[in-house]
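# Sequence first, then the predicted structure, then my questions.
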Amino acid sequence: MRVEKGQVRAPEIGPLWLNSPPLNFRQLRGRVVLVDFWDYTCGNCIRTLPYVQAWHERYKDKGLTVIGVHTPEFTFAQYESNVERGIREFGLTYPIVVDSNRAIWKAFANRYWPTKYLLDKDGYLRYGHFGEGGYGECEQTIQELLHEIDPALILPPLMEPLRDEDQLGAVCYRPTGELYLGNKRGRIGNDGGFKEDQVADYEFSGGKLEKNFFYVSGRWASTAEYFEATGDGPHSLKLKYEASGVNLVMATPRGPSAEVIIMQDGKPLARSHAGKDVRFHDGQSSVLVDSARMYALVDNHEFGEHEIELRCSPGIAVFAFTFTACVDPVASALQVSASSQS
């Protein structure tokens, strides 16, 4: 989204900063400013961060200031210590402002994670992009705005894509949508639905799973933001999905850590299909949840329909599933070839 020069000037920004002393847009006049709204638990945001960091490194000495605006989706992501841990994990070195009360989010009338806005040297909004992708267009606009400051400025060629699935020719399918597990926005498939804001027993007979719903058995606490396994006995969560990968935001509100055993299509995950947070022991595939963040559970490399089951230890709180759907050109070609031969 490009905006004509001189139409919209950006609002000012808040007081709590990481990686930088406090900044404001007035003092940044004369520079191009990239404002990136993100959340350290957001899978789509996480995938854009390598590009944002790379632009910071490429152009900070040529007139660009990158500002990350961390606006939390979940309550635990409001805490500065959690944001700092996310910044360290992702290796971010540009200035980041903590927007836990959503003041900056509201001032920009923003609606999506992630969103990138570019401001010109006079502080006017010139470009916006919602969601993943558009990396080449965004960098091209950065260079155009830098050349408005200094037409003679020598800039590097546009970056090559940082991932195979961002290459020209990669295929992106329509995956299962983001699935929340708290009773405020979640979709539970069990008969009777949520037993809101209480601890209760749930039963699922093992019948057919409908897409875009999750199913649980065992004793769970239902809150507006999350579902928490509680009490003795097994705790199972199942769902059917269409995607190439599965991520899940999890935490352990009442203890330092707990374990989740992962099954796909009735079997432990194959090592070749495991997300980066999965470990293997005693014939099982599992994830150790020891901090409040997004965990990468499944990476099937190809788009397809599967069923996943999580067997959760007491204390596991589950917030939201997200699903990936882009595959690299080689995997896309192999998948198309296999489909045509079947």
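Cool, got the structure.
# okay, CA-based contacts and neighbour counts for the rest of this
OK.
# so who does Lys60 touch?
Val66 (CA atoms under 8 Å, 6 or more residues apart in numbering).
# Can you report phi and psi for it?
Main-chain torsions, Lys60, degrees, to the nearest 10: phi -60, psi -30.
# Distance of it relative to Val171?
33 Å (CA to CA, to the nearest Å).
# Equivalent analysis for Ala320, please.
From Ala320 to Val171 the distance is 25 Å (CA to CA).
# Likewise for Tyr226?
Distance from Tyr226 to Val171, by CA to CA: 32 Å.
# So these two - more neighbours on which side?
Set Tyr226 next to Val171 and count neighbours by other CA atoms under 10 Å: Tyr226 wins out with 23 against 18.
# what's the nearest residue to the more buried one if we skip its chain neighbours?
Gly182 (3.9 Å; CA to CA, 6 or more residues apart in numbering).
# Show the contacting residues for that neighbour.
222-227, 319-320.
# quick one: secondary structure of it?
coil (DSSP: H, G, I helix; E, B strand; the rest coil).
# Could you give the backbone dihedrals for it?
phi -80, psi 160.
# Give me the pLDDT for it.
At Gly182, the pLDDT value in this model is 98.
# now it: how far from Leu28?
In terms of CA to CA, Gly182 sits 41 Å off from Leu28.
# For this structure, which segments are assigned as helices?
43-59, 80-90, 103-107, 135-149, 329-341 (DSSP state H).
# would a markdown table of those with distance to Glu305 and mean neighbour count be doable?
Shown next, in a markdown table, are those (distance: least, CA to CA, whole Å; neighbours: other CA atoms under 10 Å):
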| stretch | distance to Glu305 | mean neighbour count |
| --- | --- | --- |
| helix 43-59 | 20 | 18 |
| helix 80-90 | 30 | 15 |
| helix 103-107 | 36 | 15 |
| helix 135-149 | 29 | 18 |
| helix 329-341 | 13 | 13 |
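# Of all these, which one comes closest to Gln284?
helix 43-59 (25.2 Å; CA to CA).
# what's the angle between that closest one and helix 135-149?
Relative orientation of helix 43-59 and helix 135-149, computed by axes from the mean of the first three to the mean of the last three CA atoms, to 10 degrees: 40 degrees.
# tell me what helix 43-59 is packed against?
Judged by 3 or more CA pairs under 8 Å, 6 or more residues apart in numbering; DSSP states H and E, the packing partners of helix 43-59 are strand 64-70.
# swap the cut-off to 10 Å and go again
On a contact count with 3 or more CA pairs under 10 Å, 6 or more residues apart in numbering; DSSP states H and E, helix 43-59 meets strand 32-38, strand 64-70, helix 80-90, strand 115-119, helix 135-149, strand 236-251, strand 293-312, strand 317-324.
# The second one pairs with which strands?
For strand 64-70, the pairing partners within the sheet under DSSP bridges are strand 32-38 (parallel), strand 96-98 (parallel).
# quick one: buried residues of it?
64-70 (16 or more other CA atoms under 10 Å).
# burial of the nearest residue to Leu297 once chain neighbours are set aside, as a residue count?
What sits nearest to Leu297 in space, not counting adjacent residues and going by CA to CA, 6+ apart, is Gly275, at 4.4 Å. Gly275 has 19 neighbours, counted by other CA under 10 Å.
# Work out which residue lies at the spatial centre of this protein.
Gly43 (1.7 Å; CA atoms, centre = their mean).
# so what's that one up against?
Residues in contact with Gly43 (CA atoms under 10 Å, 6 or more residues apart in numbering) are 113-114, 132, 246-249, 294-296, 321-324.
# will you turn those residues into TSV that also has pLDDT and neighbour count?
Compiled in TSV, the contacts of Gly43 are given as follows (pLDDT from 0 to 100; neighbours: other CA atoms under 10 Å):
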residue	pLDDT	neighbour count
Trp113	97	21
Pro114	97	25
Glu132	92	17
Val246	98	23
Asn247	98	22
Leu248	98	23
Val249	98	23
Met294	98	23
Tyr295	98	23
Ala296	97	21
Phe321	98	22
Thr322	96	21
Phe323	96	24
Thr324	91	25
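# Mind putting these into CSV with distance to Leu146?
Shown next, in CSV, are these (distance: CA to CA, whole Å):
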residue, distance to Leu146
Trp113, 26
Pro114, 23
Glu132, 23
Val246, 38
Asn247, 37
Leu248, 39
Val249, 38
Met294, 35
Tyr295, 37
Ala296, 37
Phe321, 39
Thr322, 36
Phe323, 36
Thr324, 34
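# From the residues you listed, pick the one nearest Ala103.
Using CA to CA, those come closest to Ala103 at Trp113, 15.2 Å.
# quick one, what contacts that closest one?
36-39, 42-45, 70-73, 130-132.
# so which of those comes closest to Asp122?
Lowest distance from Asp122 to these (CA to CA) belongs to Asp36, with 18.4 Å.
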